[in-house]
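# need a structure here:
(one chain, ligands or ions: 1)
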Amino acid sequence: MSATTVTRRRHRRRLLPRPWFLAVASLVLLAGCASDAPQDMLQPEGSFARTLDNLFNPIFWVAVLVFVVVEGLIVYAIVKWRYRGDADDGVADAGEMPAQLHGNTRLEIGWTILPALVLAGVAVFTVPVVFELNAEPAKGEALEVDVTGAQFWWGYEYPSQPDFGITDGIVTANELHIPAGQRVYLTLRSVDVIHSFWAPKLNGKRDVVPGRVHNWLLEADEPGVYSGQCAEFCGVSHANMRLKVVAHDATSWDAWVEDMQEEPVEPVSGLAAEGFELFQQRGCSGCHVVEGAYDEVAEDAPAAPDLTHLFSRDCFAGCIYDLNDRNELEAWLRDPQRKAGSKMVVGQLTEADIDALYAYLETLE
Ligand code: CUA
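Have a look, this model is predicted:
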């Protein structure tokens, strides 16, 4: 066996990926294949998300085609003109410069115009979608909700709009309630840093930049619960800034609206009444509004969720804890820092305080 043959073999073997690399690559690929992922934007469940999906699909395949052609040419060139030792085979030998293409006008014009044409083709389909998704619906045509992004939770305010049964504004947090089959027009603001509102099955992402006002549309075909999350890194608990969109049928929408417009009854006796007092004494009312009871928060208070109808929700603290599990809320009162970066500051509470506060909070339905 000559020295040249040995060199050639070694070069050839290096062109094939190692088995471990193939195994890891397939694992990474397959990890994206859940069939029922709750935040799968490729399974839209509303008109706006579908519009985006209809745009995504053809453009994805155009991108695949470009990828295959470009990568194919690169791989072809690497293999065909690879160095095979100094031989008389038309390939540059060690120390030699290969033939250069610089200044080849035809090629330069070609690879400038071709990508521009591809992008212009993509723009023909993209631009109308950009306008469609940013169109402002006529007054009364869509449910209006003011959304506030804060470290690390979402607030929602529904101004009065009799067309949707709301005659006396509604304020809630983390869970956005909407009527199914109807358009929802969000007006988004941030109180601190950049967040991004994202309910993947109902529409794409919309960044929420402090000092600016943004709008976004949502629509869910069917009643159901759609999960989402903040999609812009906003601090240590960015990953804990989740959200839920609850879409109702007509009957349950009316019921929700009616419940939300009723003021909770102030407890007058028992543990709940003790909790009601503690809510002020321990400083909770300095940041959290409970309509009709604690309407004013401290001037320098950090933004905090409105608790008027806390127990109408299923989750709290950026929708990462289950409100139906008593232990979760008690653990939260013991230590709000269990969620990193939480702005909630509460002094040391005794277990008796926590029981009383829980009893009161539970009345806020
Ligand atoms: Cu808010 Cu990430």
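# can you give me phi and psi for Arg84?
Arg84 adopts backbone torsions of phi -120, psi 30, taken as degrees, to the nearest 10.
# so it versus the ligand, what's the distance?
Using C-beta to the nearest ligand atom, to the nearest Å, Arg84 is found at 53 Å from the ligand. To be clear about C-beta, it is placed using only N, CA and C from the backbone, and glycine gets the same treatment.
# go on, Trp81?
48 Å.
# per-residue pLDDT, the nearest residue to that residue once chain neighbours are set aside?
Nearest residue to Trp81, sequence neighbours excluded (C-beta to C-beta, 6 or more residues apart in numbering): Val91, at 5.3 Å. At Val91, the model reports a pLDDT of 76.
# how about Val91, what does it touch?
81-84, 98 (C-beta atoms under 8 Å, 6 or more residues apart in numbering).
# just flag the most distant two among those residues.
Arg84 and Pro98 (13.4 Å; C-beta to C-beta).
# ok, the two, which is more surrounded?
Arg84 (14 against 10; other C-beta atoms under 10 Å).
# now for Leu364: which residues touch it?
So Leu364 contacts 264, 290, 307-311 (C-beta under 8 Å, 6+ apart).
# now name the helix or strand holding it.
For Leu364, there is no enclosing helix or strand under DSSP states H and E.
# quick check: closest non-adjacent residue to it.
For Leu364, the spatially nearest residue (C-beta to C-beta, 6+ apart) is Leu310, at 4.5 Å.
# next, count neighbours for Arg18.
10.
# tell me how far it lies from the ligand.
38 Å.
# and if you look at Val268?
Val268 is 40 Å from the ligand, by C-beta to the nearest ligand atom.
# can I assume that residue sits in a helix?
No - membership of Val268 in a helix is not supported by DSSP: H, G, I helix; E, B strand; the rest coil, which gives coil.
# starting at the chain centroid, how far to stretch 354-365?
31 Å (C-alpha atoms, centre = their mean, to the nearest Å).
# so Tyr156, which of the three states?
strand.
# is it true that it touches Ala173?
Yes - look at Tyr156 against Ala173 with C-beta atoms under 8 Å: they come within range, at 6.6 Å.
# who has more neighbours, the two?
Taking neighbours as other C-beta under 10 Å, Tyr156 and Ala173 compare with Ala173 leading, 28 against 21.
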